[in-house]
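J.: Provide a 3D model corresponding to the input given below.
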Amino acid sequence: MHVALVVTGSRGDVQPFIALAVALKDRKHTVTLATHQDFAGLAEEAGVDFAPLPGSPRDFLAHPALVEALQQGASLFRASRKVPRQSSEHLQSLASAITEAVSGADLVVNTILSRIMFEDDGSVPWASLSWWPQSPTAQWPAMIFPPLKLGAPYNRLTHRVQGLMDSLLIAGFRKDGKLPPLPFGAPYGNLGREVPLLCPATRSMFTEPTDWPELSHITGYWFWDREWTPSPELVEFMDAGTEPVTLTFGSIWPVHRPSETLQKVLNVVRSHGRRLVMVGGGPEDVPDDVFRLEEAHYPWLFPRSAAVIHHGGCNTTGEALRAGKPQVVVPTFADSPFWAAQAHRLGVAPAPVPYTKFTPELLDAALGAALTDEEIRRKAANIGEAVRAERGVERAVDILEDWAERWHGERKSEADALA
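T.: Residues are numbered from 1 along each chain as shown. Have a look, this model is predicted:
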């Protein structure tokens, strides 16, 4: 089976798809990964066929207008209005590139973001992925809404409002891309009902509510265990004393002022008698008790860390959970406040420290709890065991194989009936 994987976004969005591609290849499927040119090297490293899509996540995440807005505490919806709108030519080019990438595929897998520019013409089975539980339910509110204790009516209402907000964001993209509109008020309404919708999060956090449709699934995280060799200098630093604290803000580093952030975090880390590993950010020259690297393989680094300070992306949160280490989460926008709240709810992290409240005093209290609270450390270790035991990406492949077989079988039966 030829599977086309279509994903737009940051590395945190793309890397799980590389894990999925590798798992599909292990099942003897042919795979094409369609994503930004930024990630061609990762695809090559994994031995996955690559199809470039126009644009770069840096065009959005590092845009000065977005950075300035988020530094002021803007929401994603308000902040997105600050960034100049993508041209109709670019969106048409993106839609055309996606159409070309999925041509001839036996199955297409996209995300709720790349689905916006994907045209379903009924000729191929497809499935989608959401980085948070997307399907409406009475059990919890939509991702961007607070978990108020107002019961099922409130929860259902938030999902309806979320659908309206999604429609407002999506409609312009579809129009400028010369694509037909998706259903207003429920642009993702067929996900989980008519096509599979997968959420790659640990089942220690969520399991499928009874009112979810049949094709909505919580699979467990999709981890890519790449072959990665740390430098001798990094190994020496990690082994030189007590476990250091790791700081990583991933794709959201442009919002932080790296030099100021380093000094603020380092002062707090030093006050707890620890050293610091800094992944990404800057500056290039750092003190002797700091090790800075551009990128790291988290499954190697996080288990060797005393605690992880991060931005709350779905997959960084998952890697910290798998490592069984306490977390300090500094959410900024999009789904990061949601995952920060879930880490705290699980008991593996103190209360989140939002970007707008990222003061030395609050960081000191949070890191102190992460390093010394035995209950947090115990829960982190226990959750780590549970996450490591999950077969998230293998379960996703099982679901996708079953879906493709079912879809093609139904079409064959229809064709036979008409013959």
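
J.: can we go C-alpha only for contacts and neighbour counts from here?
T.: Fine.

J.: quick one: the helices in the stretch 251-400 of the chain?
T.: 258-271, 298-301, 314-323, 336-346, 360-372, 374-389, 392-418 (DSSP state H, counting those that start in this stretch).

J.: against which helices or strands is the first one packed?
T.: Right, helix 258-271. Packing partners of helix 258-271 (3 or more CA pairs under 8 Å, 6 or more residues apart in numbering; DSSP states H and E): helix 360-372.

J.: in the helix it packs on, what's buried?
T.: The neighbour-count check on helix 360-372 (16 or more other CA atoms under 10 Å) flags 360, 362-364, 366-371 as buried.

J.: next secondary structure after the worst-scoring helix or strand of the chain on mean pLDDT?
T.: Lowest on mean pLDDT, DSSP states H and E among the helices and strands of the chain sits helix 76-80, with a mean of 66. Scanning forward in sequence from helix 76-80 by DSSP states H and E, the next helix or strand is helix 88-102.

J.: any chance you could list what contacts the helix or strand that residue 236 is a member of?
T.: Assigned by DSSP H and E, residue 236 belongs to helix 232-239. For helix 232-239, the external contacting residues (CA atoms under 8 Å, 6 or more residues apart in numbering) are 244, 291, 304.

J.: quick check: mean pLDDT of it?
T.: When pLDDT is averaged over helix 232-239, the result is 97.

J.: just checking, next helix/strand downstream of that helix?
T.: strand 245-248.

J.: name the strands paired with that next one and say parallel or antiparallel.
T.: When pairing is defined by DSSP bridges, strand 245-248 lines up against strand 276-279 (parallel), strand 307-310 (parallel).

J.: ok, back up a step: may I ask which of the contacts of helix 232-239 has the most neighbours?
T.: Scoring the contacts of helix 232-239 on neighbours with other CA atoms under 10 Å, the highest-scoring entry is residue 244 at 25 neighbours.

J.: residue 336 and residue 143, how far apart?
T.: Residue 336 sits 10 Å away from residue 143, going by CA to CA, to the nearest Å.

J.: so those two - more neighbours on which side?
T.: For the pair residue 336 and residue 143, the greater number of neighbours falls to residue 336 (21 against 18), based on other CA under 10 Å.

J.: what is the neighbour count of the residue nearest to that one when sequence neighbours are not counted?
T.: Leaving aside its sequence neighbours, residue 336 sits nearest to residue 312 (CA to CA, 6 or more residues apart in numbering; 4.4 Å). Other residues near residue 312 come to 32 when the count uses other CA under 10 Å.

J.: hmm, residue 312 is touching residue 330, no?
T.: Yes: assessed by CA atoms under 8 Å, residue 312 is found in contact with residue 330 at 6.6 Å.

J.: what sits in contact with each of those two?
T.: Residues touching both residue 312 and residue 330 comprise residue 340, with contact defined as CA under 8 Å, 6+ apart.
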